[in-house]
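give me a model of this one.
(one chain, ligands or ions: 3)
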Amino acid sequence: MSYQKYADIIIDISHENLDKTYQYTIPKEFFASAIIGALVVVPFGRGSRKINGYIVGLSNEPKIDIDRIKPIDHVVEDAPVIESHLIYLAHWIKETFGGTMNDALKTVMPIKKAVKIKEKRRIVSIKPYEELSLLYEEQKRKNNAARIRILEALLKNSYLDYDDVTKKLKISKPTITWLETNDVIKIESKQIYRNPIEKQDISYTPVTLSDEQEHIVENILRDYNEGIRNTYLIHGVTGSGKTEVYMEVISAVVASGKQVIVLIPEIALTYQTVNRFYSRFGDRISILNSRMSDGERYDQGLRAKNGEIDIMIGPRSALFTPFQNLGLIIIDEEHEGSYKSEATPKYHAIEVAKTRAKLTGAFVILGSATPSMESYYSATKGEYKLFHLSKRAKEASQPKIWVVDLREELRQKNRSIFSRKLKELIEDRLNKQEQIMLFINRRGYAGFVSCRSCGYVIKCSRCDVSMTSHVQGGYSRGKLLCHYCGSQEPMPNTCPVCGSKYIAAFGTGTQKIEEMVKREFPKARVLRMDADTTKNKGDHQKILSAFAHHKADILVGTQMIVKGHDFPLVTLVGIVAADLSLYAGDFRAGERTFQLLSQAAGRAGRDRIPGEVVIQTYNPEHYSIVTAAEGDYQSFYEQEMLYRSLMQYPPASHIMVILITAREEDLADKAIDHAGLVLKDYINTKQLSSKIIGPAPAGLAKVKDTYRRVIYIKEANYNYLVELKNYFEGYFNYSIQFAGCSLQVDFNPMSTY
Ligand code: ADP
Ligand code: ZN
Ligand code: ZN
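Ligands and ions are numbered 1, 2, ... in the order given. Predicted coordinates for the structure are as follows:
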């Protein structure tokens, strides 16, 4: 084996200026350990300060004058090594989503430090049974109590737990040493990985797949066995049997000697979900979640690497599980926003999964009841193979859905936040001792302005998203602002359409609803679940478990109550203000509303008791609401796609966000204006048809004394945007105009900035 003499190293500092590799010589003693992905310590800079770095390349050619190449100080022993394909993946992530190579490496290898591994020791008898019993008799004659105790135990069991021997049998160290030196026993030590899954005694009951399920499994496995690697999208309502399909495919992939990653949003990674996988695959599965310590997470990575498990289940970060022979990546609830990283690099798990799969010869399955516009669009273009599961696996009646027009309530002089229909049904359920969930979809809520008489919502004429009122503090007083282009308008006193004076910033909170419920239904027992009531670890579980045990009649909450929980006694779901998510001021508002309403509807009446859903809105004719009430995904997709195409929003086009932040407002303003000019110049020179929107203050214009300014760029060709990003990042790092500013880049953002 011949070793290479030079290593290319990425220095462990998150700073764009250092985002390149440096060459070092490899001293002989590290030839074997200095492999790609290894963590090393190197002298860096003028003072040769010792600093960490990763080896990303090896060669025998010096790139600069040999005298100027410094040697590696040492290779860090026992540090996890990054797989070489993960280094490639990191590079791809950096290129595709922005940020530094160092950020990207940290993403693919989240736990940097090796954590001490627990060891378990045991005492093993190495003498044949007869000799052991002779020795036992001899010690009995000598009346040596300690030796008698341990020999007696060894006659019964050929090995003993070391701790049991010292603690329970009370055998001292000299006795053990005596046995060891006389070749009676040897001490073995074994690494014990923390296993996050408690062992269960649940048996697996196989199901017979339906024809629809069977069809999907057959198709996917036929491709797999023929060596065809595709991406598959399974569109099936909750309870239609997607998970059974996943498990069937997983079991074939594992049987072929490969490993599987299953991504599930953290909020849906419940005890029941894990148990289902455990009952089928036993100890060959492991999980990752944010509640685990670094040590536990590290152990799970090692178990994967050492081939002790075949299946890793977890949220976004589980994507980087260091399996040696990855065969399949499944992304359940693929429409979930949490699959997009909020920290730089702002990568999307689906794109990364497809790239990792391509690098390793694996394939990808996406599943959802409400596929994202992006995924469904890819499927219609033939990039993904699309499958449908049209029926629920277990017979459950579909809930009855009422869409209530709140404008009509106002006309009938009902000013309460509960419509007459919702009130009537709440009373009915309270009488029958059934349970109720009341929910407001607050996510993305940004204070839009609407007319309670006619439902008119003020929108930006250029961007076709609702404008946001900025009443107190912030960037502008009493004004309406578009989060994309920065357009401003004064807040009107009367509705521009019907002249009504009931035009105002829309607002309601879970706390207000809780108060109203207590006032209107004084006998009802009410629980509230939102960000305020779930600040501490375990709060979440406490509230859900109290509700599950019928300690309350009504659960009031934000969208966190809608996901992944089954409450068989819930027969009424009320969506108090569907408009909150509908006018969130970003282009995904309609899609998010459709998803949330569909999910909420799925919560009502999941057992034998049929359920009812009341959707309260000022815009009952909006297609997101109409199609969600009818459970018609296809029709929603078509109408939403019209809007996206018309406005050049993803997936019809791509959007890149340039976010510049600075501690001084003036600096931020100047920097973003300059950025606008630089970008415009580049686009003109290259004769691109990209559109620049802004510059504008971000929706969150000031966070923690930092001013935030944005530019959005629409461009149909993603590669052009990547080139533009590379150009701009380079310019930003070396131009004096941006001194004191930070830059963040985001492609196809999940929400406004
Ligand atoms: P999804 O993942 O689409 O929500 P699941 O796979 O969890 O659906 O299925 C919902 C329920 O129906 C589960 O309890 C599951 O065990 C059951 N189920 C799914 N497929 C079948 C089948 N073919 N026969 C019987 N029960 C099934
Ligand atoms: Zn009006
Ligand atoms: Zn606008």
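
for the stretch 451-600 of the chain, what lies in contact range of ligand 2?
451, 453-454, 456, 495, 497-498, 500 (CB under 5 Å from the ion). To be clear about C-beta, it is placed using only N, CA and C from the backbone, and glycine gets the same treatment.

among these, which one is most surrounded by other residues?
Counting neighbours by other CB atoms under 10 Å, C451 leads these with 23 neighbours.

which residue, other than its chain neighbours, is closest to that one?
C495 (3.9 Å; CB to CB, 6 or more residues apart in numbering).

what residues does L269 make contact with?
287, 289, 313-315 (CB atoms under 8 Å, 6 or more residues apart in numbering).

in strands, which of the residues you listed appear?
287, 313-314 (DSSP state E).

kindly indicate which of the contacts of L269 lies nearest ligand 1.
Nearest to ligand 1 among these is I313, at 13.5 Å by CB to the nearest ligand atom.

measure how buried the closest one is and give me the count.
Neighbour tally, I313, other CB under 10 Å: 25.

distance check, it against ligand 2.
50 Å (CB to the ion, to the nearest Å).

quick check: phi and psi at the residue in the stretch 301-450 of the chain positioned nearest to ligand 1.
In the stretch 301-450 of the chain, the residue found nearest to ligand 1 is A393; the distance is 3.4 Å by CB to the nearest ligand atom. Dihedral pair for A393: phi -70, psi -50, per degrees, to the nearest 10.

what mean pLDDT does the longest strand along the chain get?
For the chain, the longest strand by residue count, based on DSSP E, is strand 691-703. With pLDDT averaged residue by residue, strand 691-703 scores 88.

from the contacts of L269, which shows the smallest pLDDT?
N289 (85).

pretty sure it sits against E266.
Yes - contact status for N289 versus E266: in contact at 6.1 Å, counting by CB atoms under 8 Å.

helices or strands next to the top helix by length along the chain in the packing?
Under DSSP state H, the helix in the chain containing the largest number of residues is helix 665-685. For helix 665-685, the elements it packs on are strand 654-662, strand 691-703, strand 706-715, helix 718-734, strand 741-747, judged by 3 or more CB pairs under 8 Å, 6 or more residues apart in numbering; DSSP states H and E.

other residues contacting the last one?
Taking CB under 8 Å, 6+ apart as the criterion, the residues outside strand 741-747 that touch it are 16, 96-99, 344, 346, 654-662, 667-668, 671, 718, 721, 725, 728-729, 732, 753.

what comes up buried for it?
For strand 741-747, a neighbour-count test (16 or more other CB atoms under 10 Å) marks 741-747 as buried.

what about it, distance to the chain center?
21 Å (CA atoms, centre = their mean, to the nearest Å).

parallel or antiparallel, which strands does that strand pair with?
strand 654-662 (antiparallel) (DSSP bridges).

now the second one
Sheet partners assigned to strand 691-703 using DSSP bridges are listed as strand 706-715 (antiparallel).

list the buried residues in stretch 349-363.
Buried-residue list, stretch 349-363, by 16+ other CB under 10 Å: 349-357, 359-360, 362-363.

got the domain ranges for this protein?
6-108, 119-191, 211-393, 396-445+508-644, 448-506, 654-747 (automatic domain parsing).

state the mean pLDDT of stretch 105-122.
On average, stretch 105-122 scores 67.

kindly report the same for stretch 538-558.
pLDDT averaged over stretch 538-558 gives 88.

show me what contacts N726?
Counted by CB under 8 Å, 6+ apart, N726 has contacts E95.

ok, how many other residues are close to P43?
P43: 14 neighbours (other CB under 10 Å).

actually, F636.
26.

and it, that's in a helix?
Yes - assessed by DSSP: H, G, I helix; E, B strand; the rest coil, F636 belongs to a helix.

hang on, isn't it packed against I625?
No - with contact defined as CB under 8 Å, F636 and I625 do not form a contacting pair (9.9 Å).

so what's in contact with the two at the same time?
Common neighbours of F636 and I625 (CB under 8 Å, 6+ apart) do not exist.

run the chain-centre distance for the helix or strand harbouring R644.
Secondary-structure assignment from DSSP states H and E places R644 in helix 633-647. Distance of helix 633-647 from its chain centroid, counting by CA atoms, centre = their mean, is 26 Å.

which helices and strands does that helix pack with?
Looks like helix 633-647 contacts helix 373-380, helix 589-603, helix 623-630 (3+ CB pairs under 8 Å, 6+ apart).

got a list of what the nearest residue to K140 once chain neighbours are set aside touches?
Leaving aside its sequence neighbours, K140 sits nearest to I148 (CB to CB, 6+ apart; 5.8 Å). I148 makes contact with 136, 139-140, according to CB under 8 Å, 6+ apart.

write the ChimeraX selection for whichever of the residues you listed are buried.
Buried subset of those, written as a ChimeraX selection, criterion 16+ other CB under 10 Å:
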select :136,139
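
which residues in the stretch 1-150 of the chain form strands?
6-11, 21-25, 39-44, 49-59, 74-75, 118-125 (DSSP state E, counting those that start in this stretch).

what angle sits between the second one and strand 39-44?
Okay, so that is strand 21-25. 90 degrees (axes from the mean of the first three to the mean of the last three CA atoms, to 10 degrees).

for strand 21-25, what is the distance to the chain centroid?
35 Å.

buried stuff in it?
Judged by neighbour count using 16+ other CB under 10 Å, the buried positions of strand 21-25 are 21-24.

pick out the lowest-pLDDT one from those.
By pLDDT, T21 ranks lowest within the buried residues of strand 21-25, coming in at 80.

hang on, that one packs against G57?
Yes - with contact defined as CB under 8 Å, T21 reaches G57; the gap is 6.7 Å.

can you check which residues contact both of those two?
Common neighbours of T21 and G57 (CB under 8 Å, 6+ apart) are D8.

could I have the buried ones of the contacts of strand 741-747 as PyMOL selection syntax?
Paste this into PyMOL to select the buried members of those, with burial taken from 16+ other CB under 10 Å:
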select buried, resi 16+96+97+98+99+344+346+654+655+656+657+658+659+660+661+662+667+668+671+721+725+728+729+732+753
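
quick check: residues of this structure near ligand 2?
Counting by CB under 5 Å from the ion, the residues of the chain lying close to ligand 2 are 451, 453-454, 456, 495, 497-498, 500.

mind putting those residues into JSON lines with distance to ligand 1 and secondary structure?
Below are the residues of the chain next to ligand 2 laid out as JSON lines (distance: CB to the nearest ligand atom, whole Å; DSSP: H, G, I helix; E, B strand; the rest coil):
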{"residue": "C451", "distance to ligand 1": "39", "secondary structure": "strand"}
{"residue": "S453", "distance to ligand 1": "41", "secondary structure": "coil"}
{"residue": "C454", "distance to ligand 1": "40", "secondary structure": "coil"}
{"residue": "Y456", "distance to ligand 1": "39", "secondary structure": "coil"}
{"residue": "C495", "distance to ligand 1": "43", "secondary structure": "coil"}
{"residue": "V497", "distance to ligand 1": "43", "secondary structure": "coil"}
{"residue": "C498", "distance to ligand 1": "44", "secondary structure": "coil"}
{"residue": "S500", "distance to ligand 1": "44", "secondary structure": "coil"}
